[in-house]
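> Next comes the sequence, and after it the predicted model I'd like to discuss.
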Amino acid sequence: VVARQAAALDVRAYVIGGFVRDLILKRPSKDIDIVCIGSGIDLAEAVGRELKVPVVVFKNFGTAMLPSGREPDVVTEESKPVPAGPTLGWEVEFVGARKESYRSESRKPIVEDGTLEDDQNRRDFTINAMGISLNENDFGQLLDPFGGLEDLRRKTIRTPLSPAITFSDDPLRMMRAIRFATQLGFDIEPDTFDAIVEMKDRLAIVSRERITDELNKIILSPKPSYGFKLLYHAGLLDFIFPELLLLKGVETIEGKGHKDNFYHTLQVLDNVSERSDDLWLRWAALLHDIAKPATKRFDPKVGWTFHGHEDLGAKQVPGIFRQMKLPLNEKMRFVKKLVRLHLRPIALVKEQITDSALRRLLIEAGDDLEALMNLCRADITSKNYDRVKKHLAN
Ligand code: CTP
């Protein structure tokens with residue numbers, strides 16, 4: 001449909017970015033970005049008319065999209081509501097090819113119409129800069145000026161231009177590099193990684209919502225610990241999540257040390273992630289030892305203690321959620337409860353009880369956390385779930 005309408009309007013159109021990358025990687029994708037040499041809005045409206053779906057136009061940006069109707073994967077406080085009306089289930093975004101240049105004194109880019117190459121130049125990574133032609137003369141041809149295909153093969157995240165230019169244009173891309181590396185299990189090319197280390201302070205101009213969106217995508221990756229280690233080695237963790245960095249290190253007194261709670265937390269996060277895709281369970285894992293630094297004491301008789309860290313940790317959850325611009329709703333209270341219980345109910349998930357069943361259990365237990373804790377200690381399995389429920393009801 002897009003190719004036909006583009007031909008009728010006499011504009012050249014290309015599929016670009018993440019869809020092309022995911023097509024080659026055989027990963028499922030939910031969004032399609034179309035770049036055209038001409039007005040993206042006109043093409044979107046023609047496609048919307050043919051498919052009889054609504055078109056959302058962003059005049060100021062010169063872009064338009066056919067909304068998917070899906071809920072966003074990750075909800076932050078500023079997530080937009082889903083528009084009403086018939087939808088495709090896919091989000092299709094249309095943009096005219098652009099050339100962007102930046103003046104050093106201003107963060108606002110100067111945007112002009114451009115060629116496909118101009119548009120590919122301003123993209124974040126080689127693997128995200130590939131296009132596929134939708135035009136009659138070369139339909140289906142891959143347009144890959146920066147060796148994105150080779151980088152996919154070598155499992156490498158690399159910027160198309162010098163990393164200093166690409167990251168100055170949008171410093172969030174430093175987080176995106178780590179996010180894509182974590183989602184795909186790729187390495188970050190050394191010059192690209194060095195530029196992140198050097199330019200990390202620039203992240204301060206990016207909104208907290210955008211940073212948290214990327215952080216949540218790292219947390220939702222198959223092995224989130226990899227992303228947190230990259231954030232740590234790049235020096236970004238101090239800025240985006242200082243409380244987590246405080247967990248790092250081992251103190252030794254009289255020959256007695258304690259475990260490094262940073263690496264321990266990442267291990268627990270990976271373990272939970274193997275059993276569950278639930279973002280909030282994963283957040284609970286990340287925060288389960290968060291108050292250990294504040295409660296740490298050395299007792300010459302027993303060694304290191306962290307008395308009361310669960311209660312204090314639970315108290316710290318709302319502040320961390322507020323700072324991260326995460327929703328301050330029942331999800332936050334769920335995380336708080338799990339931190340207070342030091343993740344013991346997650347044993348339920350291990351026994352293949354679903355996340356929603358765990359949520360129900362926690363809600364049903366209300367504030368009687370002691371009862372729940374005892375039940376969890378008793379190693380609940382899916383078989384005796386009904387008995388547990390009855391007990392909680394009493
Ligand atoms: N892009 C970019 N710089 C950014 C954000 C996006 O260059 N800061 C470009 C990339 O070409 C990217 C495309 O816009 O592929 C679409 O961005 P986005 O939807 O955020 O990412 P995807 O690559 O589609 O991946 P995902 O859907 O997993 O986020």
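That came through, no problem.
> which SS state does Ala44 fall under?
With DSSP: H, G, I helix; E, B strand; the rest coil as the basis, Ala44 sits in helix.
> Next, count neighbours for the nearest residue to it once chain neighbours are set aside.
Excluding its sequence neighbours, the residue lying closest to Ala44 (Cβ to Cβ, 6 or more residues apart in numbering) is Ala64, at 3.5 Å. All C-beta spots, glycine's among them, are computed from the backbone N, C-alpha and C. For Ala64, the neighbour count with other Cβ atoms under 10 Å is 25.
> pretty sure Ala64 is in a strand, no?
Yes - assessed with three-state DSSP, Ala64 lies in a strand.
> pLDDT on the helix or strand where Arg359 lies, on average?
Following DSSP states H and E, the helix or strand that holds Arg359 is helix 355-365. Mean pLDDT, helix 355-365: 72.
> Stretch 43-62 now?
Average pLDDT, stretch 43-62: 91.
> In PDB, could you pull the C-alpha coordinates for that stretch?
Presented in PDB, the C-alpha positions along stretch 43-62 are these (Å, rounded to 0.1, in the frame of the first residue of the first chain):
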ATOM      1  CA  LEU A  43       2.000  10.000   2.000                       C
ATOM      2  CA  ALA A  44       0.700   9.100   5.500                       C
ATOM      3  CA  GLU A  45      -2.700  10.600   4.700                       C
ATOM      4  CA  ALA A  46      -2.900   8.800   1.300                       C
ATOM      5  CA  VAL A  47      -2.100   5.500   3.000                       C
ATOM      6  CA  GLY A  48      -4.500   6.200   5.900                       C
ATOM      7  CA  ARG A  49      -7.300   6.900   3.400                       C
ATOM      8  CA  GLU A  50      -6.700   3.600   1.500                       C
ATOM      9  CA  LEU A  51      -6.500   1.500   4.700                       C
ATOM     10  CA  LYS A  52      -9.400   3.500   6.300                       C
ATOM     11  CA  VAL A  53      -7.400   4.100   9.600                       C
ATOM     12  CA  PRO A  54      -6.900   7.400  11.400                       C
ATOM     13  CA  VAL A  55      -3.700   9.400  10.800                       C
ATOM     14  CA  VAL A  56      -2.100  11.400  13.600                       C
ATOM     15  CA  VAL A  57      -0.200  14.400  12.200                       C
ATOM     16  CA  PHE A  58       2.600  16.300  14.000                       C
ATOM     17  CA  LYS A  59       2.700  19.400  11.800                       C
ATOM     18  CA  ASN A  60       5.600  21.000  13.800                       C
ATOM     19  CA  PHE A  61       7.800  18.000  13.100                       C
ATOM     20  CA  GLY A  62       6.600  17.300   9.600                       C
END
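> residues making contact with that stretch?
With contact meaning Cβ atoms under 8 Å, 6 or more residues apart in numbering, stretch 43-62 is reached by 1-2, 4-6, 8-9, 11, 13, 34, 36, 39-41, 63-67, 83, 85-88, 92, 94-96, 98, 111.
> at 6 Å what do you get?
With Cβ atoms under 6 Å, 6 or more residues apart in numbering as the test, stretch 43-62 has contacts from 1-2, 5-6, 36, 41, 64-67, 85-86, 88, 94, 96.
> out of those, who has the most neighbours?
Among the contacts of stretch 43-62, the one with the most neighbours (other Cβ under 10 Å) is Phe94, at 29 neighbours.
> Does the helix or strand hosting that residue reach the ligand?
Element membership for Phe94, per DSSP H and E: strand 91-96. No - judged by Cβ under 6 Å from any ligand atom, strand 91-96 and the ligand are separated, with a smallest distance of 8.1 Å.
> Just give the strands next to that strand in its sheet, each with its orientation.
Strand pairing for strand 91-96, determined by DSSP bridges: strand 31-37 (parallel), strand 63-66 (antiparallel).
> how far does the shortest one sit from the chain's center?
A distance of 23 Å separates the C-alpha centroid of strand 63-66 from that of its chain, computed with Cα atoms, centre = their mean, to the nearest Å.
> Over to the longest one?
Mean C-alpha position of strand 31-37 versus that of the full chain (Cα atoms, centre = their mean) differs by 22 Å.
> residues near the residue of the chain at minimum distance from the ligand, how many?
Here the chain gets closest to the ligand at one residue, Gly18, 2.3 Å apart by Cβ to the nearest ligand atom. Neighbours of Gly18 under the rule other Cβ under 10 Å: 17.
> Tell me what angle whichever strand or helix holds Arg4 forms with strand 31-37.
Take DSSP H and E as the rule and Arg4 turns out to sit in helix 2-9. In terms of direction (axes from the mean of the first three to the mean of the last three Cα atoms, to 10 degrees), helix 2-9 departs from strand 31-37 by 20 degrees.
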